[in-house]
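Q: Generate a structure from the sequence data that follows.
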Amino acid sequence: MARQARAEITRDSVLAGAADVFLRLGYANASLSEIIAQSNVTKGALYFHFGSKEELARAVVDQGNERLVGSCQGFFDSRVPALEACIGITYVVADLSMNDPMVGAMLKLTHQIGDYRGAQGDNIAKSWGDTYRLLSERAIVQGDLEPELDPDVVGVLLQQMTAGVHIIAVGTDAIDQMASRMERMWYFLLPSIVPPEKLPYFREFAARRLRRYVP
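A: Sure thing, here's the model as predicted:
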């Protein structure tokens, strides 16, 4: 039992070190020797748990996505208005991108590896696309999105815009601006998708969410 606990601690140390290195250097420039040094483990300990850099990267993707999903659980409650949930999720993405290296590394790696799959083969992008689509369907039923909108189109749009904010923030070394950039995204997007009489409420809702993350 003690041996298993030690093995789990070692694995967690490797994942944390790998997340830091992948976040700092990117997938292509990260080396296993750098990850070993960052994790403070032996080469043998790393290879006991992970057979390659790609396998390690995909494990980081899994754990980062697990943390992101866990942080968004409150928004999956059917009692939460669906459009509010969509807005809230994007701010959680921004917050964890700035403050949780595992999530930040996961988001960066899914773009850099290219196929958005974790170690178990789950397609992270498809899973989040399904989430945005289902929330869009609910928001239309609830009257918070224009009734003629296609939830598939809206779901993809929200996913694309959220990913785009992250990619540009990473590419311009402006990850600390992600939350404020999310607010600007919503400010300009909302008039295209919500009934005019609800626009002031949802713009204010997005602005209030921003104040949770930016003093």
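Q: how about the longest helix along the chain: buried residues?
A: Taking DSSP state H as the criterion, the chain has its longest helix at helix 2-29. The neighbour-count check on helix 2-29 (16 or more other CB atoms under 10 Å) flags 10-11, 13-23, 27 as buried. For the C-beta atoms, the positions are set from N, CA and C on the backbone; glycine is no exception.
Q: go on, stretch 170-183?
A: 170, 175, 177-179, 181-183.
Q: Ok, stretch 183-194 next?
A: Neighbour-count burial for stretch 183-194 flags 183, 185-186, 189-190, 193-194 (criterion: 16+ other CB under 10 Å).
Q: Let's have those in TSV, adding secondary structure and pLDDT.
A: Shown next, in TSV, are the buried residues of stretch 183-194 (DSSP: H, G, I helix; E, B strand; the rest coil; pLDDT from 0 to 100):
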residue	secondary structure	pLDDT
Glu183	helix	96
Met185	helix	96
Trp186	helix	97
Leu189	helix	97
Leu190	helix	98
Ile193	helix	97
Val194	coil	98
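Q: give me the element the residue lying closest to Glu84 once chain neighbours are set aside is part of.
A: Using CB to CB, 6 or more residues apart in numbering and skipping the chain neighbours, the partner closest in space to Glu84 is Phe205 (6.2 Å). Secondary structure from DSSP states H and E places Phe205 in helix 199-213.
Q: Could you export stretch 170-190 as PDB, CA atoms only?
A: Provided in PDB are the C-alpha atoms of stretch 170-190 (Å, rounded to 0.1, in the frame of the first residue of the first chain):
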ATOM      1  CA  VAL A 170      -0.600  32.700 -25.600                       C
ATOM      2  CA  GLY A 171       0.800  33.800 -28.900                       C
ATOM      3  CA  THR A 172       1.200  37.400 -27.800                       C
ATOM      4  CA  ASP A 173       2.400  36.700 -24.200                       C
ATOM      5  CA  ALA A 174      -0.800  38.200 -22.900                       C
ATOM      6  CA  ILE A 175      -2.200  35.300 -20.900                       C
ATOM      7  CA  ASP A 176      -2.900  37.600 -18.000                       C
ATOM      8  CA  GLN A 177      -5.300  39.500 -20.200                       C
ATOM      9  CA  MET A 178      -7.500  36.500 -21.000                       C
ATOM     10  CA  ALA A 179     -10.400  37.400 -18.700                       C
ATOM     11  CA  SER A 180     -10.700  40.900 -20.000                       C
ATOM     12  CA  ARG A 181     -10.400  39.700 -23.500                       C
ATOM     13  CA  MET A 182     -13.300  37.200 -22.800                       C
ATOM     14  CA  GLU A 183     -15.400  40.100 -21.700                       C
ATOM     15  CA  ARG A 184     -14.700  42.000 -24.900                       C
ATOM     16  CA  MET A 185     -15.600  38.800 -26.900                       C
ATOM     17  CA  TRP A 186     -19.000  38.600 -25.200                       C
ATOM     18  CA  TYR A 187     -19.600  42.300 -25.500                       C
ATOM     19  CA  PHE A 188     -19.400  42.200 -29.300                       C
ATOM     20  CA  LEU A 189     -20.900  38.700 -29.800                       C
ATOM     21  CA  LEU A 190     -24.000  39.000 -27.600                       C
END
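Q: Kind regards, and thank you for your time.
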